[in-house]
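[1] fold the following for me, if possible:
(chains A, B, C and D)
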Number of protein chains: 2
Amino acid sequence: MSMLPTVETAGYSDDDIALTAKALGHPARIHIVRVLLAKQSCIGCDIVEEVGLAQSTVSEHLRILKAAGIIKGEVEHPRVCYSLNADRLLPLAGLLNLVFEQESQGELMGSICCPPGACGPEGAA
Amino acid sequence: MSMLPTVETAGYSDDDIALTAKALGHPARIHIVRVLLAKQSCIGCDIVEEVGLAQSTVSEHLRILKAAGIIKGEVEHPRVCYSLNADRLLPLAGLLNLVFEQESQGELMGSICCPPGACGPEGAA
DNA sequence: TTCGTATATCGTCGATTAACGATATAAAGG
DNA sequence: CCTTTATATCGTTAATCGACGATATACGAA
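    So this is what the prediction gives:
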């Protein structure tokens, strides 16, 4: 119904961002992200043990995260090696950053939140 | 089932973060956040028009965002003036920042994602 | 008091989610 | 071949969600 061009500059669609947020909208899935963050290397069935839910339930949570692109899984042997896919979190992070930028209007002005490629083409550095 | 102390340093519970993410997990609610971000001042029934859904539906979305603490509403006249409550987004942003920090291991080391008070006590300005 | 405006709540309905146990797959090893 | 191991899928259930129209509430203004 509208353009919101200023904010749209964040770059991504509402659906994109909502999809990512939705995938993160469950404690078990946040837990999984944390596990993958802690052991940055990939993990197999340990996640099931970590989360403490039934194997099929955890598998489903992993599927949801994978479907949202937040994690990826490499198949080895009978195991699957999961790891985070940070890029997919950029749209959501970008929006949050805008909120924080606004709140600290002009105070920082640049050194705010800029994950690798999130804040547009930065020629220098 | 586990401690994950390193990551837990992010500070907030899985439920906390998941609750915020869940509240953001719908396109209409992302849209509302963007509207509030664009017109940083508060807004009334304009949101209904912006979002393009039935008034009762939008009211429900606003209720969900408010329940999650992401927005707050000041009552004026017969209107309600909504605005973002950035603080409530910090737990989620903090987790995302950790992901990005890890990805750019040592490359940047500090100038990454640090909304006002998110990255711990930073003595120097 | 009566009216009009802006929101909130109610009741409904179809769709989706989350959880589980049971079962199916796939690949390595005996 | 048959077994083991790690995952994925199926089928079911209860619960929650998202949307709507209709209605209720609250309050300033006429």
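[2] which strands or helices does the helix or strand that contains residue A:61 pack on?
    Secondary structure assignment for residue A:61, by DSSP states H and E: helix A:55-67. Applying 3 or more Cβ pairs under 8 Å, 6 or more residues apart in numbering or on different chains; DSSP states H and E, one finds that helix A:55-67 contacts helix A:14-23, helix A:27-38, helix A:46-51, strand A:71-76. Where C-beta positions appear, they are placed from N, C-alpha and C, glycine not excepted.
[3] residue ranges with poor pLDDT in chain A?
    Flagging of chain A using pLDDT under 70 yields the residue ranges A:1-10, A:41-42, A:44, A:105-125.
[4] around DNA strand C, pick out the residues from it.
    Proximity of chain A to DNA strand C, by Cβ under 7 Å from any atom of the strand, involves residues A:22, A:25-26, A:28, A:53-57, A:60-61, A:64, A:77-78.
[5] neighbour-wise, give me the winner out of those residues.
    Among the residues of chain A next to DNA strand C, the one with the most neighbours (other Cβ atoms under 10 Å in any protein chain shown) is residue A:25, at 22 neighbours.
[6] between helix A:14-23 and the helix holding residue A:61, find me the angle.
    On the basis of axes from the mean of the first three to the mean of the last three Cα atoms, to 10 degrees, helix A:55-67 is oriented at 150 degrees to helix A:14-23.
[7] tabulate the CA atom coordinates of helix A:55-67 in PDB.
    Written as PDB, here are the backbone C-alpha positions of helix A:55-67 (Å, rounded to 0.1, in the frame of the first residue of the first chain):
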ATOM      1  CA  GLN A  55      14.900 -36.600  17.600                       C
ATOM      2  CA  SER A  56      12.100 -36.200  15.200                       C
ATOM      3  CA  THR A  57      11.100 -32.900  16.700                       C
ATOM      4  CA  VAL A  58      14.700 -31.500  16.600                       C
ATOM      5  CA  SER A  59      15.000 -32.800  13.000                       C
ATOM      6  CA  GLU A  60      11.900 -30.700  12.200                       C
ATOM      7  CA  HIS A  61      13.400 -27.600  13.800                       C
ATOM      8  CA  LEU A  62      16.500 -28.200  11.800                       C
ATOM      9  CA  ARG A  63      14.500 -28.500   8.700                       C
ATOM     10  CA  ILE A  64      12.700 -25.200   9.400                       C
ATOM     11  CA  LEU A  65      16.000 -23.400  10.000                       C
ATOM     12  CA  LYS A  66      17.500 -25.000   6.800                       C
ATOM     13  CA  ALA A  67      14.400 -24.000   4.800                       C
END
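[8] centre of the chain to that helix, how far?
    15 Å (Cα atoms, centre = their mean, to the nearest Å).
[9] and if you look at stretch A:93-103?
    Counting by Cα atoms, centre = their mean, stretch A:93-103 is centred 15 Å from the centre of its parent chain.
[10] look up how far residue B:92 lies from the residue sitting nearest the centre point of chain A.
    Residue closest to the average C-alpha location in chain A (Cα atoms, centre = their mean): residue A:89, at 3.0 Å. The spacing between residue A:89 and residue B:92, counted by Cβ to Cβ, to the nearest Å, is 10 Å.
[11] cool, residue A:80 as well?
    For residue A:80, the distance to residue B:92 equals 27 Å [Cβ to Cβ].
[12] so between these two, which is more surrounded?
    residue B:92 (27 against 18).
[13] what's the closest non-adjacent residue to that one?
    In space, and not counting its chain neighbours, residue B:92 is closest to residue B:20: 4.7 Å by Cβ to Cβ, 6 or more residues apart in numbering or on different chains.
[14] closest to residue B:14 out of the residues of chain A next to DNA strand C?
    Checking those against residue B:14 by Cβ to Cβ gives residue A:28 as the nearest, at 7.7 Å.
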